[in-house]
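Engineer: Starting from these lines, generate the structure:
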Amino acid sequence: MSGMLDGVIDFTGGTTGAIASVYVGQPLDTVKVKMQSFPATYRSGMFHCFATTYKQDGIFRGLYAGTTPALVANIAENSVLFLAYGFCQKLVGFVRGKTVATLSPFDNACAGTSAAFFAAFTLCPTELIKCRLQALRELTAMGTAPTPVGISRWGPFSLTRHILSVEGIPGLFKGLVPTMAREMFGYFFFFGGYEMARYLMTPPGKTKDEIGVVRTVIAGGFGGVCLWTVIFPVDVVKSRVQVSGNSMNLIRTIKQIAVKEGGNLEEEGEGEI
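Structural biologist: All right, here's what the predicted structure looks like:
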């Protein structure tokens, strides 16, 4: 019964955090995706991209483009991630001969990267729809966006139906490998950094669960910084693959970007973390 209650708490916490994350961060996420996918268009930087998007499409169709799939993606990812994280902690504890409370930061990092494997499958299709909607104006200008038939403009559901009709289910999973690499690599550092910060901020005689809200928030922020610092190159590749529909594999895409743009791989969109 306690295991089920822990799962419900993890699921609820993940869902609540996901909703808050989307509504606060969606405009900056849109800017990030545009800068990653079209570096030549937005070479002037974050503020130019933000201002151009606002001027051309406004707040809701521009900066908040792709909000619906972003909500679905974040709710699904966070719920599955934290639900699986609790299970993976118990599994790592069993393998290591420890209780969850005595797992080291490295043990928790291993549990986090294992949980991220499952989350990637729920995240990839909705991330693809989100990125395509965010980049729709640029794709239209390039002549590579699909033409809407019988509708005034593309929305998340109509675009999903179009991809399924043209490419089938595999079309929704383009970019799965970079998505999985980003999630697993990133959450190793997120949960490792988060648990390390909690460990370092735990007063003598108390447990990590007794450090209070403020210290927990600080630990979460530190984990987020660790995550985004290490995954940005893979995130650039993921955005390129999903926006363009490029079927090249992860390594070839990285080589192509590195040859054409050199050291900019880690810089594109990095100001929008």
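
Engineer: so what's residue 103 closest to, chain neighbours aside?
Structural biologist: residue 93 (5.9 Å; C-beta to C-beta, 6 or more residues apart in numbering). To be clear about C-beta, it is placed using only N, CA and C from the backbone, and glycine gets the same treatment.

Engineer: List the buried residues for the helix or strand encompassing residue 23?
Structural biologist: Element membership for residue 23 (DSSP states H and E) is helix 2-37. For helix 2-37, burial by neighbour count (16 or more other C-beta atoms under 10 Å) applies to 6, 10-11, 14-15, 17-18, 21-22, 26-37.

Engineer: For that helix, give the mean pLDDT please.
Structural biologist: What helix 2-37 shows for mean pLDDT is 80.

Engineer: Output the contacting helices and strands for that helix.
Structural biologist: helix 46-57, helix 67-96, helix 105-134, helix 213-244 (3 or more C-beta pairs under 8 Å, 6 or more residues apart in numbering; DSSP states H and E).

Engineer: That helix vs helix 213-244, what angle?
Structural biologist: Interaxial angle, helix 2-37 versus helix 213-244 (axes from the mean of the first three to the mean of the last three C-alpha atoms, to 10 degrees): 50 degrees.

Engineer: the inter-axis angle of helix 2-37 versus helix 67-96?
Structural biologist: Going by the same axes, to 10 degrees, helix 2-37 makes 130 degrees with helix 67-96.

Engineer: any weak-confidence spans in the chain?
Structural biologist: The model of the chain has pLDDT under 70 over residues 1-4, 6-7, 10-11, 13-14, 149-150, 246-249, 262-273.

Engineer: Point me to the residue sitting farthest from the middle of it.
Structural biologist: residue 205 (36.5 Å; C-alpha atoms, centre = their mean).

Engineer: That residue in helix, strand or coil?
Structural biologist: Secondary structure assignment for residue 205 (DSSP: H, G, I helix; E, B strand; the rest coil): coil.

Engineer: Equivalent analysis for residue 147, please.
Structural biologist: coil.

Engineer: For it, grab phi and psi.
Structural biologist: Note on residue 147: backbone dihedrals following degrees, to the nearest 10 are phi -90, psi 120.

Engineer: and it, what is it in contact with?
Structural biologist: Under the criterion of C-beta atoms under 8 Å, 6 or more residues apart in numbering, residue 147 has no contact partners.

Engineer: Residue 65 too?
Structural biologist: When contacts are taken as C-beta under 8 Å, 6+ apart, residue 65 is in contact with 30, 57, 133, 134, 136.

Engineer: and the gap between it and residue 31?
Structural biologist: 11 Å (C-beta to C-beta, to the nearest Å).

Engineer: And residue 5, by the same measure?
Structural biologist: According to C-beta to C-beta, residue 5 and residue 31 sit 40 Å apart.

Engineer: Enumerate the positions of stretch 188-204 that are buried.
Structural biologist: 188-198, 201-202.

Engineer: farthest pair in those residues?
Structural biologist: The largest separation in these, counting by C-beta to C-beta, is between 188 and 202 at 21.5 Å.

Engineer: Contact partners for the closest residue in space to residue 68 that isn't next to it in sequence?
Structural biologist: In this structure, residue 68 finds its nearest non-sequential neighbour in residue 156, 4.6 Å apart by C-beta to C-beta, 6+ apart. Going by C-beta under 8 Å, 6+ apart, residue 156 touches 66, 68, 69, 129, 130, 133.

Engineer: Go through those and say which is closest to residue 179.
Structural biologist: Of those, the one sitting nearest to residue 179 (C-beta to C-beta) turns out to be residue 130, at 11.9 Å.

Engineer: which ones are touching the closest one?
Structural biologist: 33, 66, 69, 70, 73, 156.

Engineer: run the last query once more with 7 Å
Structural biologist: By C-beta atoms under 7 Å, 6 or more residues apart in numbering, residue 130 lies in contact with 66, 69, 70, 73.

Engineer: cool, and residue 231?
Structural biologist: 182, 185, 186.
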